[in-house]
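> sharing a model prediction with you, sequence too.
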There are 2 protein chains.
Amino acid sequence: MRAEIISVGTELLLGEIVDTNAAFLGRRLAELGVDVYYRQTVGDNQVRLVAAFELALSRADLVLVSGGLGPTMDDITREALAEVLGDRLCLDEGALRQLEAHFTRLGRPMTDNNRRQAYRPSNADFITNRRGTAPGILAHHQGRTIICMPGVPRELETMFEGEVIPRLLRNSNGEKNRVIKSRTLLLTGLGESAAENAIADIIKEQTNPTIAPYAGLGEVRLRLTATAAGAEEALALIHPLEARLRERLGDVIYGVDGDTLEGVVAEKLTNRGLILAVAESCTGGLVSHRLTNIPGSSVFFRQGMIVYSNEAKKELLDVPDEVLEEFGAVSSQVAEAMARGVRLAGDADLGLAITGIAGPGGATPTKPVGLVYLALAYDGDCLVEKHTFSGQREEVKYRASQAALNLLRLHL
Amino acid sequence: MRAEIISVGTELLLGEIVDTNAAFLGRRLAELGVDVYYRQTVGDNQVRLVAAFELALSRADLVLVSGGLGPTMDDITREALAEVLGDRLCLDEGALRQLEAHFTRLGRPMTDNNRRQAYRPSNADFITNRRGTAPGILAHHQGRTIICMPGVPRELETMFEGEVIPRLLRNSNGEKNRVIKSRTLLLTGLGESAAENAIADIIKEQTNPTIAPYAGLGEVRLRLTATAAGAEEALALIHPLEARLRERLGDVIYGVDGDTLEGVVAEKLTNRGLILAVAESCTGGLVSHRLTNIPGSSVFFRQGMIVYSNEAKKELLDVPDEVLEEFGAVSSQVAEAMARGVRLAGDADLGLAITGIAGPGGATPTKPVGLVYLALAYDGDCLVEKHTFSGQREEVKYRASQAALNLLRLHL
């Protein structure tokens, strides 16, 4: 089965609201094994909505429409649907009585505008709306199915889950229905094209599941999508591929699906009962900010220091004067001294330090913008890393925070 | 002029990400007086993208495409555009050199995948990408204009504002075309509806310039958009309206257009030669992070402390034990002690402190999630503010950082 989504609403085209309904429908249809090749967005204009209907009906078996079923004059989905069906709108007495009962309950008078919601194409059926006054509409046309739902997200979602999905499964009972499952592997410490090259052969030979790489700031996502007769079968296709990718990519994979790098690090610290102290120069508080975004972070995070000046590095972290003078604030030696210093000052198990040049200023012939040193001090030893990051000041800060959290993750 | 937007990406159809680029483009085009009647969303499939191009070209003068310009094999916008233009892809030596220089700076090898980004239809032009490696593409076809932009939101937005809008205005010079100028006033410390109510009469009577309010997290934006024969005339319409709004709204207006609250605060601190020290509890480093996003912030920012535990508050800021015990860590008394303490410890002119309950845990019968105390210590005195913010943990952190920066701004 192939579906097409039509989102109706001038406010969508004007960008006054973001189309979360289309994302919801896309996600649920994928999980149901229904292909979606196109999505259209049109304003509250009957001529253009009719054109969108006809285009969708020419290339999809199932057309899902959101919006335009409200009471006001610019809600024209009912009229456009009737025109496409070559049908007329008729008053549905049952729906009218429900509307009247609804307004009686509210103790409000029902306006003529509200009455419009009780009209449907004479050959179409209403779909119950358990969350609002606008019923959905189900119509069949030249072997296609058209389902119109209200644009209010909670009304649409309730109607789709409770009324539409059962009808879809019933409709497609003939052919044993396909299911799509996908799982996303999250990578850091490797660029998008480097990641793709590392697994190019696997991507090429892979048809089901498919592998799709996406680039994020300081990370890469690999989405594995499998199609099968059922959920178990789909997952059974994904697991061996995931195992193969993990074997190939190793520990650059930091998580899956909704994981965050700070969340993964926070969980490891919490489980191991370790206390972390952070000393930030060029990241200016970003690493601490990301870690404290995690609920319950106070268990492992007690204090952080932002030491932007040499004075602060000396006073708060006891970085020796000579080290600062001989090697400069952006050096592996100062990074190490900062990490050891903050671990001591914070009476912590681990001391994480970041020093670098976020730019645009501060570069020297030997030290370019984007040069960052990371250090992690732990019982008896200290790891130091050197990186050169690309991008504007804020991107350098983010990439540095990502690398610092990743250094911590790999140590844990 | 009539525009159509094409969003490219299978992840959009699958609902894995919400299409914020389309909303951004729709909003800006509306402000520029460009009509948008349709939006199409297609996956990473060349045949279907070509079909979408042809449909858009049949009904719009301007086609704006987002996504599909990345380095990987599933980025097919370049190929689809060349097919539509009946053109071939050629290697752009200039773009290739820029890419090579970029990777040399990073000290990373450039893969063949990255080379793909240096290809464009031979009759099309590249558009500079100031935020990433994928250049945009500008093409003309049968009197229509096609503009392809990368899908990463910050890259797309920077390219649209800095490169695309100027070209659109230039193109429309031929026919003595109206020019659209807009200016955005940035407000904080006032909700959207409160702001709207405060100027409801002005909004109602305004037709040119128009006034469009947008709600942001912890701020409200008022965009004034004027249409006139020329740029000067447009600005001459905007200035008196801006003066009137400033008179009405007063100092809740913190900046205009691209200003940021942290940038405004940083400029005031720098101009007055004042040193700031920050002590953060519930914001966990966010205030320091935002201030150090500003280039040159080391002039006024030397150190910050993230004091998540009571121990840290005592040791680093000398917050008295009795005060913590009597009033609790989230109290005006502790906020004031933190502000005075960090000012002293940092040998600074100003000490800014934030303590609160970001949630979801930590609430008590008398202290709900979102309760935040701010304090600003300066020579001889200390300001204290109490706020109760709504939202999830990260929203509370952001709103608290916004209020803290605003307290600082109003004091300066």
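Done, it's in.
> and the residue nearest to residue A:60 when sequence neighbours are not counted, how many residues sit next to it?
Once flanking residues are discounted, residue A:60 sits nearest to residue A:4: 3.7 Å by Cβ to Cβ, 6 or more residues apart in numbering or on different chains. In this view, the C-beta of every residue, glycine as well, is placed from N, C-alpha and C. Neighbour count of residue A:4, defined by other Cβ atoms under 10 Å in any protein chain shown: 25.
> same for whichever strand or helix holds residue A:4, what does it pack against?
Assessed by DSSP states H and E, residue A:4 sits inside strand A:2-8. Packing partners of strand A:2-8 (3 or more Cβ pairs under 8 Å, 6 or more residues apart in numbering or on different chains; DSSP states H and E): helix A:20-31, strand A:35-42, helix A:46-59, strand A:62-66.
> same list, those, but as JSON lines with mean pLDDT and distance to residue A:181 please.
Below are these laid out as JSON lines (pLDDT from 0 to 100; distance: least, Cβ to Cβ, whole Å):
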{"stretch": "helix A:20-31", "mean pLDDT": "91", "distance to residue A:181": "7"}
{"stretch": "strand A:35-42", "mean pLDDT": "96", "distance to residue A:181": "15"}
{"stretch": "helix A:46-59", "mean pLDDT": "97", "distance to residue A:181": "26"}
{"stretch": "strand A:62-66", "mean pLDDT": "97", "distance to residue A:181": "20"}
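> deepest of those, which one?
Sort the helices and strands packed on strand A:2-8 by mean neighbour count, taking mean count of other Cβ atoms under 10 Å in any protein chain shown, and strand A:62-66 sits at the top with a mean of 27.
> and that strand, what does it pack against?
For strand A:62-66, the packing partners by 3+ Cβ pairs under 8 Å, 6+ apart come out as strand A:2-8, helix A:20-31, helix A:46-59, strand A:144-149.
> out of these, flag the one nearest residue B:252.
Across those, residue B:252 has its closest neighbour in helix A:20-31 (30.1 Å, Cβ to Cβ).
> is chain B within reach of that closest one?
Yes - residues of helix A:20-31 are located near chain B by Cβ under 8 Å from any Cβ of the partner chain, namely A:20, A:22, A:23, A:24, A:25, A:26, A:27, A:28, A:30.
> and what of stretch A:386-402?
Yes - Stretch A:386-402 comes into contact with chain B (Cβ under 8 Å from any Cβ), by way of A:388, A:389, A:390, A:391, A:392, A:393, A:394, A:395, A:397.
> need the max-distance pair from the residues you listed.
A:388 and A:394 (16.6 Å).
> in stretch A:347-355, what's buried?
A:348, A:349, A:350, A:351, A:352, A:353, A:354, A:355 (16 or more other Cβ atoms under 10 Å in any protein chain shown).
> what residues are up against the nearest residue to residue A:156 once chain neighbours are set aside?
Using Cβ to Cβ, 6+ apart and skipping the chain neighbours, the partner closest in space to residue A:156 is residue A:149 (4.6 Å). Residue A:149 sits next to A:64, A:65, A:66, A:69, A:127, A:136, A:155, A:156, A:159, A:160, A:164 when contact means Cβ atoms under 8 Å, 6 or more residues apart in numbering or on different chains.
> quick one: these as a markdown table, columns for secondary structure too.
Below are those laid out as a markdown table (DSSP: H, G, I helix; E, B strand; the rest coil):
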| residue | secondary structure |
| --- | --- |
| A:64 | strand |
| A:65 | strand |
| A:66 | strand |
| A:69 | coil |
| A:127 | strand |
| A:136 | strand |
| A:155 | helix |
| A:156 | helix |
| A:159 | helix |
| A:160 | helix |
| A:164 | helix |
